[in-house]
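A.B. asks: Got a sequence here, can you model it:
(one chain, ligands or ions: 1)
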Amino acid sequence: MPRLTLDDLYRFAVPSDPAMRPDGGAVAYTLTTADRDADENRTAIWLVTPDAEPRRLATGSAPRWSPDGRTLAFLRPVDGRPQLHLLPMDGGEPSPLTEAALGAGPARWSPDGTRVAYAGPVGPGGEAPDPNAPVVAETLEYKADGAGLLRGITTHLFAVDVASGETTQLTEGDFHAGEPSWSPDGTRLAFAASMAPDRDLEVGGAVYTVAAGGGAPERLTDPELICAGVWWLGERMIVAGQKGEPVGHVRLFTLDSSGAAEVETGLDRNVMIGGPGYPGAAPALLGDDLLFCARDRGCSHLYQAPADKLVPEDVSVAGASVAAGKVAYVAATPYSAGEVYLLEDGKAVQLTHHTPADLDLYVPARRTFTAPDGTVVEGFVLREENAQAPGPLLLDIHGGPHNAWAPVLDNVHLYHQTLAARGWTVLTLNPRASDGYGEDFFTAAVGAWGLADTQDFQAALDDLVAEGVADPERLAVTGYSYGGYMTCWLTGATDRFKAAIAGGVVSDLTSMAGTSDLGYLLKEYECPGDLIAQSPITRIGEVTAPTLLLHGESDDRCPIGQSEQWFAALRERRVPVRLVRYPGAGHLFILNGRPSHRYDYNERIIAWLEQWVSGSPS
Ligand SMILES: CSCC[C@H](NC=O)C(=O)N[C@@H](Cc1ccccc1)C(=O)O
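C.D. replies: Here you go, the predicted model:
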């Protein structure tokens, strides 16, 4: 069987967003593919039942069943804006439900199935803003990565009457409403929002409810609780959030008239509600029990509260849905980047087989390393078993810094498999600050970016060199976002790397604090203290590693100026450096950007390593 090549990017089809039909008999989901000719990502709604092959239903994403299971609401772009559509499941074509000026959001059916609510963008004065008008900012909340300059656009709740299509805006004002959740009697909707005038300077978010016909929202939580999301599950209202400061693990709380009480899970683990690059799922009820996702040793797992793990060890869950007492979920495994599963009597039954089956895949091996201060860190080693040893090794550093590597098939970092086939060892390490190893570990680099975690990387490399796995003369380092930060930092801290590739770079925390859409959060909560001491740019004079910089030009999280600073400083010092700019690409482009950009990103990493480490010309 062939090894994975970069062209397999165009063969991957990855499910997400599973929705169990109310009778538990079928699962609808979104399938994402890359169209090489159009250079676009495509999404379609698929349906699978336990006894039949999956079938494609329609172009679109975010399928949601009506309570009677006869209609699927989903999103489909119309003139470039997502609009809700309805697909009758007993036959017929999808029809548009919304004509929202700036587009709609994923559907939330009312319990009686007569209305659909969504959170969607609203322009100032109800109009789409003029893209050529001057942009005036008076708070820090004027841009967001992925959306760009907000130009006064806020997100508000809407309800659409399914029979007539009549749409009512339920909330208004200078705030962003989070995803709505219906009360069991259909009279109110709960949502998370921060309405404080200084919300850009006070990281927070409260739970509100609003009447189903609109009106003044009623606040339910006190400022102590920072809410990331709220779900009305039967009579229970469940909140995901943090108490006090936006630092550390996300937890679950039950909210009632006496206030918020933490759900006792007995786990020292971070709750994962799901998002791009951060696999997880919204909490749901399974009978009387709460089903939720939390990260354990790199993988997002499904748990049934208090703490029963429902999925096997080396899988990572990215979406779950419960109906009729049954659980459907999407998970990646060492052999797939994601498939749909059904949990039956505690056993996982695989319903889909979208991952190309003809690939001979390398499987990451778990192992641990001990840093000089005694901290044990886990990592994954990907290599050909019979590879010549010692051989070239690439250290890859994840972002966050609170993300984590998992030992599953990675359809973003395709170069891992490709390099292994060329005799490389790829080390993906979860150093302190990574997710899945407890809250003390998670917060161990707060205020000490680079300063605290450098020893973890060094210890792992020392071990692999001492064991004869890695050739000390052929070490290289790469990483994206926080991983790009750490790549720059490490090349200033040691000259052991023969090449470096830094993506979505952070090089100077002082300029980053004033230009990132999360700059304030970064300065106040992630890197409190001396920003200069934590900045790679302070060590630029020590860098000798030829460095490739890869950056999205529309990155508002880690603005491209971070790479430009590093590029200019290395060029001035005559250290070999190359800057590659991806037009129109935001921070998450390596996950969900143009297929050609994602291909190029992978291809350039391999070429740079071959040029500077393997010795072959690029
Ligand atoms: C408390 S950190 C939240 C930032 C966020 N975390 C999750 O990914 C993030 O985008 N991290 C960036 C690096 C960064 C951190 C803080 C502020 C701006 C950027 C990353 O993806 O590594």
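A.B. asks: Residue numbers of the protein in contact with the ligand?
C.D. replies: With Cβ under 6 Å from any ligand atom as the criterion, the chain meets the ligand at residues 399-400, 403, 481-482, 516, 518, 521-522, 526, 557-558. (Each C-beta comes from the backbone N, C-alpha and C, glycine too.)
A.B. asks: So which residues of the chain form helices?
C.D. replies: Assigned by DSSP state H, the helices in the chain fall at 415-421, 439-442, 454-466, 482-493, 509-515, 519-521, 561-572, 589-592, 595-609.
A.B. asks: helices and strands around the longest one, which ones?
C.D. replies: If I follow you right, that is helix 595-609. Judged by 3 or more Cβ pairs under 8 Å, 6 or more residues apart in numbering; DSSP states H and E, helix 595-609 is in contact with strand 27-35, helix 415-421, strand 497-503, strand 547-552, strand 577-582, helix 589-592.
A.B. asks: Same check on the shortest one?
C.D. replies: Taking 3+ Cβ pairs under 8 Å, 6+ apart as the contact definition, the neighbouring helices and strands of helix 519-521 are helix 509-515.
A.B. asks: As PDB, could you dump the C-alpha coordinates of the helix it packs on?
C.D. replies: Written as PDB, here are the backbone C-alpha positions of helix 509-515 (Å, rounded to 0.1, in the frame of the first residue of the first chain):
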ATOM      1  CA  LEU A 509       4.900  40.300  22.700                       C
ATOM      2  CA  THR A 510       4.900  44.100  23.100                       C
ATOM      3  CA  SER A 511       3.700  44.700  19.600                       C
ATOM      4  CA  MET A 512       1.500  41.600  19.700                       C
ATOM      5  CA  ALA A 513      -0.300  42.900  22.800                       C
ATOM      6  CA  GLY A 514      -1.400  46.000  20.800                       C
ATOM      7  CA  THR A 515      -2.200  44.400  17.500                       C
END
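A.B. asks: residues in contact with the residue nearest to Pro131 when sequence neighbours are not counted?
C.D. replies: Of all residues not flanking Pro131 in the chain, Arg151 sits nearest, at 7.7 Å (Cβ to Cβ, 6 or more residues apart in numbering). Arg151 sits next to 123-124, 129-131, 133, 135 when contact means Cβ atoms under 8 Å, 6 or more residues apart in numbering.
A.B. asks: what's the spacing between Arg151 and Pro82?
C.D. replies: Taking Cβ to Cβ, to the nearest Å as the measure, Arg151 falls 19 Å from Pro82.
A.B. asks: what about the strands in the stretch 51-200 of the chain?
C.D. replies: Using DSSP state E, counting those that start in this stretch, the strands assigned to the stretch 51-200 of the chain run over residues 52-59, 61-65, 71-78, 81-88, 95-96, 108-109, 115-122, 143-144, 148-149, 154-161, 167-169, 181-182, 188-193.
A.B. asks: about what we covered before: any chance of the helices and strands packed on helix 595-609 in TSV, with mean pLDDT and mean neighbour count too?
C.D. replies: Shown next, in TSV, are the helices and strands packed on helix 595-609 (pLDDT from 0 to 100; neighbours: other Cβ atoms under 10 Å):
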stretch	mean pLDDT	mean neighbour count
strand 27-35	98	22
helix 415-421	98	23
strand 497-503	98	27
strand 547-552	99	26
strand 577-582	99	18
helix 589-592	98	18
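A.B. asks: Surely Gly120 and Ala159 touch.
C.D. replies: No. Assessed by Cβ atoms under 8 Å, Gly120 is found out of contact with Ala159, at 11.2 Å.
A.B. asks: Show me the strands paired with the lowest-mean-pLDDT helix or strand in the chain, marking each as parallel or antiparallel.
C.D. replies: Within the chain, confidence by mean pLDDT, DSSP states H and E is lowest for strand 308-309 among all helices and strands, at a mean of 78. Take DSSP bridges as the rule and strand 308-309 pairs in its sheet with strand 299-304 (antiparallel).
A.B. asks: Name the residues that touch the partner strand?
C.D. replies: Outside strand 299-304, the residues that reach it (Cβ under 8 Å, 6+ apart) are 265, 267, 272, 279-281, 286, 289-295, 309-311, 313-318, 320, 327, 329, 406-408, 436.
A.B. asks: how much space between Gln451 and the ligand?
C.D. replies: You called it Gln, but residue 451 is Leu. Applying Cβ to the nearest ligand atom, to the nearest Å, the value for Leu451 to the ligand is 16 Å.
A.B. asks: Also Gly213?
C.D. replies: 37 Å.
A.B. asks: give the contact list for the closest residue to that residue other than its chain neighbours.
C.D. replies: Leaving out its chain neighbours, the residue that sits closest to Gly213 by Cβ to Cβ, 6+ apart is Thr168, at 6.7 Å. Residues in contact with Thr168 (Cβ under 8 Å, 6+ apart) are 158-161, 213-214.
A.B. asks: and Trp434, what does it touch?
C.D. replies: You called it Trp, but residue 434 is Ser. By Cβ under 8 Å, 6+ apart, the residues touching Ser434 are 298, 377, 398, 400-405, 441-442.
A.B. asks: Counting neighbours, which of the residues you listed comes out on top?
C.D. replies: Ala404 (29 neighbours; other Cβ atoms under 10 Å).
A.B. asks: isn't Pro279 right next to Tyr329, touching?
C.D. replies: No. Applying Cβ under 8 Å as the test, Pro279 and Tyr329 come out as separate, 10.5 Å apart.
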